[in-house]
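Visitor: what follows is a predicted structure for the sequence shown.
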Amino acid sequence: MKLKLIRLEESHINILTKIMERAFDEDTRIHLGKEEGGPDGYYNGDFLRKWGLHKNSSSYCIFLNKQLIGGVILWINENTHNFLGNIFIDPAFENQGIGTNVWNMIEKLYLDTKIWETETPIFSSRNHNFYVNKCGFHIIKIHNPKNRLESQYQMQKVMN
């Protein structure tokens, strides 16, 4: 298995949007029983253009054996307190350890990071398993806990 992270460019958006749509829709089907759902613009490229190509983000395409299978959007800050905006992998490639390997690659790319943070919907138990059990994050706060559809876990990983 040869994984590679390549900087996200406009030329990747159309293919990556289809992958993002499949990934978010799969999560929505599993956890909410709905056919589709994700953040604004996840299905038409607007999300990736707004955040993935944002001048302050560090965004990558995930390639497996030269095939584009996912993406990751990071916010790298001067204070080394960095934020994982999102990571997604085509459902056809899930549950193979790829996400964990990608996260390990990211940690090695940004060795000076003192703290990583991310947020994920409370309803998405697969995400919780990935972030907590595979990547070593801890839940530090619950935002909007009374609304299952809009509540978020704020997670943090303090690096050694």
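Guide: Sure thing, it's come through. The shown structure was predicted, so the numbers you read here are calculated from the model rather than taken from an experiment.
Visitor: show me where this structure has its helices.
Guide: For the chain, the helices defined by DSSP state H occupy 13-32, 46-47, 98-109, 125-128.
Visitor: leaving out chain neighbours, which residue sits closest to His12?
Guide: Using CB to CB, 6 or more residues apart in numbering and skipping the chain neighbours, the partner closest in space to His12 is Cys61 (5.1 Å). Where C-beta positions appear, they are placed from N, C-alpha and C, glycine not excepted.
Visitor: nope, Gly38 is what I meant
Guide: Nearest one to Gly38, counting by CB to CB, 6+ apart, is Phe24 at 3.2 Å.
Visitor: Provide a list of residues in contact with that neighbour.
Guide: Glu36, Gly37, Gly38, Pro39, Tyr42, Phe88 (CB atoms under 8 Å, 6 or more residues apart in numbering).
Visitor: any of the residues you listed buried? List them.
Guide: Using 16 or more other CB atoms under 10 Å as the burial test, the contacts of Phe24 include Gly37, Gly38, Tyr42, Phe88 as buried.
Visitor: closest one to Ile13 out of those residues, please.
Guide: Tyr42 (12.0 Å; CB to CB).
Visitor: quick one, what contacts that closest one?
Guide: Contacts of Tyr42 by CB under 8 Å, 6+ apart are Thr17, Met20, Glu21, Phe24.
Visitor: so which of the contacts of Phe24 are in strands?
Guide: Judged by DSSP state E, strands contain the following of the contacts of Phe24: Phe88.
Visitor: from the contacts of Phe24, pick the one nearest Trp103.
Guide: Phe88 (12.5 Å).
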